[in-house]
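In: Predicted model and sequence below, questions to follow.
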Amino acid sequence: MKKGRVLSLKRTGLFKIANKDKTKIFLFFLLILGIVFGVFLFSDKHNIGVFIGRFADFYIKSHSYSKFLKVFFSSLLFLTIIDLIFLVSSVSLSGAITIPIFVLFLGYSFGSFLSFNYSSYSLKGLAFNAVLIIPVFISYFIVLVNTAKFSFTFALTLSSIIINNDKPIKVSFEFVSLIKRYLYLILFTVLISFFDTLLSFYLIKLFEF
């Protein structure tokens, strides 16, 4: 790194959590924090509340299709978009910042979704969350965050190379490893979408919204 350089990623403190175990703990903390904020601070009077309400309507409608494959592809498309957002952030200069923000936002949106269902449908909404929402999304979030920790460290390494002129040691190897992990994530996304479809296709009929 050149002396006198004004911007140094090492001074931001991000490298202190670049260890993958610390990164995982950090990202899970943000996810849980977001969920807690979403559950307890949700209000349908705010713009985010209106958005969550529309998403809830879309979710229920898209999971109520009479055709199994239609429900499956709807679920798969939604989760795959999230996968791709994290993958793109991995190779972005701002990835080390945007990835934690995305995790926090996902947690907050999920918590708000749970809160909306409960506030709108009372005990029926609580049962809907427990049976159809929480098993699918918590499983997905666990795998997503375990993949996102590699995205965070790779984005940090990439930013350090470009901004601070650090030596690109094993970057190609790390990139290939990152892509492999996202291929595993997408494979899991297919499986969790199938699981989501099974639950919705056979159980959503129990809830009349």
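Out: Happy to help now that I have it. Numbering: from 1, shown residues only.
In: got any ranges where the chain has weak pLDDT?
Out: Within the chain, the segments meeting pLDDT under 70 span 1-20, 163-169, 209.
In: mind listing the helices for it?
Out: Here the chain has its helices, by DSSP state H, at 20-41, 47-62, 68-90, 95-128, 134-164, 171-203.
In: The fourth one relative to helix 47-62, how many degrees between them?
Out: Between helix 95-128 and helix 47-62, the angle comes out at 60 degrees (axes from the mean of the first three to the mean of the last three C-alpha atoms, to 10 degrees).
In: helices and strands around helix 95-128, which ones?
Out: helix 20-41, helix 47-62, helix 68-90, helix 134-164 (3 or more C-beta pairs under 8 Å, 6 or more residues apart in numbering; DSSP states H and E). (C-beta placed from N, C-alpha, C; glycine too.)
In: That one: how far from the chain's middle?
Out: Relative to the chain's own centre, helix 95-128 is displaced by 11 Å; criterion: C-alpha atoms, centre = their mean, to the nearest Å.
In: same check, this time on the second one
Out: When C-alpha coordinates are averaged (C-alpha atoms, centre = their mean), helix 47-62 and its chain have centres 17 Å apart.
In: Enumerate the positions of it that are buried.
Out: Judged by neighbour count using 16 or more other C-beta atoms under 10 Å, the buried positions of helix 47-62 are 48-49, 52, 56, 59-60, 62.
In: Only the C-alpha atoms, please, for it, written as PDB.
Out: The C-alpha trace of helix 47-62 is given here as PDB (Å, rounded to 0.1, in the frame of the first residue of the first chain):
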ATOM      1  CA  ASN A  47     -43.800   3.400   3.400                       C
ATOM      2  CA  ILE A  48     -42.000   0.200   4.300                       C
ATOM      3  CA  GLY A  49     -45.200  -1.000   6.000                       C
ATOM      4  CA  VAL A  50     -47.100  -0.400   2.800                       C
ATOM      5  CA  PHE A  51     -44.500  -2.300   0.800                       C
ATOM      6  CA  ILE A  52     -44.600  -5.200   3.300                       C
ATOM      7  CA  GLY A  53     -48.400  -5.300   3.000                       C
ATOM      8  CA  ARG A  54     -48.200  -5.500  -0.800                       C
ATOM      9  CA  PHE A  55     -45.500  -8.200  -0.600                       C
ATOM     10  CA  ALA A  56     -47.700 -10.200   1.800                       C
ATOM     11  CA  ASP A  57     -50.500 -10.000  -0.700                       C
ATOM     12  CA  PHE A  58     -48.200 -11.000  -3.500                       C
ATOM     13  CA  TYR A  59     -46.800 -13.900  -1.400                       C
ATOM     14  CA  ILE A  60     -50.100 -15.300  -0.500                       C
ATOM     15  CA  LYS A  61     -51.400 -15.000  -4.100                       C
ATOM     16  CA  SER A  62     -48.300 -16.500  -5.700                       C
END
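In: so it versus helix 171-203, what angle?
Out: 60 degrees.
In: Need the contact partners of helix 47-62.
Out: Applying C-beta atoms under 8 Å, 6 or more residues apart in numbering, the contact partners of helix 47-62 are 42-44, 71, 74-75, 108-109, 112-113, 116-117, 120, 204, 209.
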